[in-house]
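Undergrad: no sequence on hand, only this structure:
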C-alpha cells in the first residue's frame, strides 16, 4: 500500500466509531442532515441593505474603514479624468494593466507606456510599475472586498505587485454579500475555474509590530476602487 | 516528571513574574479584544454562526476520506501533483526532494504552522537551501532564530525597540523604531527575494473538497506574491483543513478573521486550484500539494476528542486564556500553544510527556466559549487528565485519596479535621510561604483563605426556625 492508501485506510478505520454531534456539549440544536445553506448563512452574517444605494454606501463605509479609496463615478466617461488626476498626482511614468472592456479605454486615455500582463511579461518590469490597473469580478458590499481572478484581473501578480492597485468596476458588479460572491463564481466559472481567485479587502497591511496597523506590508500600499 | 514538563514549569515561573512581558501581552490582546467584539457585533447571530461553522467542520472531518479524495481528484485534474506524508520526516523529504530536483537556489515561504510542526526550515537549510520567511512577524522571529510566539501573531512578544535592534544586527538597516519604517525595511529586503526565488512555499487555511482548491488567508500580500512569482509552488497542509463546499468559505472566512484578528475579513483570501492554466501568463509552472497526517489520524480515531480536528487555527483560545496570557507562547515549547495545544499536543506527541499542558489550565472555560467552531476545549483538557492518570496512576494521589475518603465520608473525622484545621490555621502565619509550610506550592505566591468560623451545619442549627 502506498502512503495515500495507508492514510485513507487509517481515516476509514478511525471513522467507524461515530463522534458526538457538533454543539452537543452546550445543549444546543442537534445536527441537521444537510449542510448550512446560503439562506442559513445570511441569517447569521452581517446584515446588508436591500437597495443599490444602501449597498453602495455600505461598500463605501467599509472601504473607508479599510483605508481604501472608493469613488462612484456618474458615468464611464469620468473614468479617464479620474485616472489622469491620479497619474498626475502620483507622477506615474507608466502603468501595468491587461486587456478588457474597462481597462483598454482607460489605458488609452492615460497616454502612458503600458505593460500588459495578458501576454508573457518580465516580472522585474512589473515590479517597477507605480500602478496596476485591473478589472474585477465583483465588489462585495458586506465586507468592502474586491473579487478578482486570474482571468478577470490580468493574472496573479498584477493586482499585488505594483504599489498602487486601481480597480475599475461597473455598477452592476456590486453584489450584496459573500454568499452572493461565491454563487457568482460558481455560475461564471463553473466547471473551469481560474487557477487563482482572490478576495481583496483593503490595501496590504500588517500589525506584526506591536499590533500597530501599517499599510503596504508586501502588496499595494494603496487600493483605489473606481466604480462607474 | 518529563524533561518538557520541568522546562515548562521553570519557564512558566519565570515569565509569570516578568511584568514587562505581561504588560506587553495585555496591551496587545486588550486592543485585539476591542476589535474582535466590534466585529462580532456586526453579525446578526454570532452564536448561530458558530453552530453553522461547527456543522460544516463536523461534516468535513466525519467524512474525511470522501472529501479528501474529491479534493485530490479536483487538484490532479488540473495538473497539480499531490503528495501524501504520514510523518513529519516524510513531508520534509518530499519538499527537500522537490527543491533538489529544481536545483533551487532560494526559497521564499509564507507563514505556515504545519511547516513549524514538521521543522521544515531546518530540514531545508540542512540540505543546503536558503529559506526566507516572508510574513513580517515570521521574518522577524526567523532573524532572531526564535520559534513563533503565537500562531497568528508570531512576534507579539517583541517591542519595536527590540525589532529595531534585530534589524540593525542582522540587516544593518534600521533607520528608526517606527513600525512603518521597520515594515518598509522588510518590504525592501523581501521584494528582491520574491523576484529571485525559484520556489514558493505556502500553508493553507482551508482545502475545498468540491472544487479542489486550497484557500490561503493573509493580510500582507506575501502569500499572494509567493504564489505568483516563483516557478514552483508547494503547499503543505494538514489533512484536517478540508471543508466540503466552496460556499462554506462565505461563513468561515469572516469567522476566522473576526476571532483571529478582530477584522470582518482578512486582507487577502485567495483560492489556488492548480499551476498556471492554458491561457494564463503568470503563476507557477508546477504546483505541489503535500498532505500531512503526522498523527492526525490517531486524533481522528479518538471519537470523544475528534472535534479538536475542527480547529481552524484562529488563535482565539490562546488570546482569551488566562494561562497563556501569563506564561506566554514560548513556554509551551510546542508548535500549537494555549488550550488547543494542551488538547492536541498530548494526542499528537505522547500523552505522558505532554500531559502537563492539559494541566496548564484553570478550567475557566473561556477557550470553549471563544472557539468559533465550538470545540469543547475545556472538557478535552479534563479528558486528557483523566486518560493520563488512568494509564499511569500516581501513587501519591492514590495514598492521598485513601486518606481523604474516610475523612470526607465520616461525620466525626470530618468535624475533627475542620475544627483542628481552624485551630491550626492560627499558627500558619509562622511558617506561611516558607519551605516547611506543607502548602508551600500554593502559599509562596498566594494567600490561603481562612476556614470559616462556622460550618454550614452549625449555621443551620442556629438559624433554622
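TA: Alright, I've got the coordinates. Given the structure is predicted, the values throughout are model-derived calculations rather than measurements.
Undergrad: please list all residues in contact with the residue in chain A that chain B sits nearest to.
TA: Shortest chain A-to-chain B distance, computed as C-beta to the nearest C-beta: residue-wise this is residue A:219, at 2.3 Å. C-beta here means a position set from N, CA and C on the backbone, and glycine is covered the same way. Taking C-beta atoms under 8 Å, 6 or more residues apart in numbering or on different chains, we find residue A:219 in contact with A:160-161, A:165, A:203-204, B:220-222, B:224-225, B:267-268.
Undergrad: for it, identify the helix or strand it belongs to.
TA: Secondary-structure assignment from DSSP states H and E places residue A:219 in no helical or strand segment.
Undergrad: what's the end-to-end length of stretch B:202-213?
TA: For stretch B:202-213, the first-to-last residue distance is 13 Å (C-alpha to C-alpha, to the nearest Å).
Undergrad: identify each buried residue in it, please.
TA: Within stretch B:202-213, the residues that qualify as buried by neighbour count (16 or more other C-beta atoms under 10 Å in any protein chain shown) are B:202-213.
Undergrad: can you read off the pLDDT for residue 30?
TA: Just so you know, I chose chain A. As summarised for this prediction, residue A:30 has a pLDDT of 55.
Undergrad: let me rephrase: I mean chain B.
TA: The per-residue confidence score, pLDDT, reads 93 for residue B:30.
Undergrad: ok, it to residue B:222 distance?
TA: Plainly put, residue B:30 is 27 Å away from residue B:222 if you go by C-beta to C-beta, to the nearest Å.
Undergrad: who has more neighbours out of those two?
TA: For the pair residue B:30 and residue B:222, the greater number of neighbours falls to residue B:222 (32 against 10), based on other C-beta atoms under 10 Å in any protein chain shown.
Undergrad: mind checking how far the closest residue in space to the more buried one that isn't next to it in sequence is from residue B:2?
TA: Across the structure, with C-beta to C-beta, 6 or more residues apart in numbering or on different chains as the measure, the residue nearest residue B:222 apart from its sequence neighbours is residue B:134 (3.9 Å). With distances defined as C-beta to C-beta, the gap from residue B:134 to residue B:2 amounts to 35 Å.
Undergrad: neighbour-wise, which of those two wins?
TA: Remark: of residue B:134 and residue B:2, residue B:134 carries more neighbours, 30 against 13, as counted by other C-beta under 10 Å.
Undergrad: check contacts around the more buried one.
TA: With contact set as C-beta under 8 Å, 6+ apart, residue B:134 has these partners: A:218, B:108-111, B:190, B:193-194, B:220, B:222-223, B:225-226.
Undergrad: that older thread, return only those of the buried residues of stretch B:202-213 found close to chain A.
TA: With the criterion set as C-beta under 8 Å from any C-beta of the partner chain, the members of those near chain A are B:211, B:213.
Undergrad: which one of the buried residues of stretch B:202-213 sits closest to chain A?
TA: The closest of these to chain A turns out to be residue B:211 (C-beta to the nearest C-beta; 6.0 Å).
Undergrad: A helix includes that closest one, no?
TA: No - according to DSSP: H, G, I helix; E, B strand; the rest coil, the state of residue B:211 is coil, so it is not within a helix.
Undergrad: go ahead and confirm it touches residue B:272.
TA: No - with the criterion set as C-beta atoms under 8 Å, residue B:211 and residue B:272 do not qualify as a contacting pair; they are 10.7 Å apart.
Undergrad: partners of the closest residue to residue B:226 other than its chain neighbours in the sheet?
TA: If the residues on either side of it in the chain are set aside, residue B:226 comes closest to residue B:200, at 3.8 Å by C-beta to C-beta, 6+ apart. In this structure, residue B:200 has beta-bridge partners residue B:108, residue B:233, where bridges are defined by DSSP bridges.
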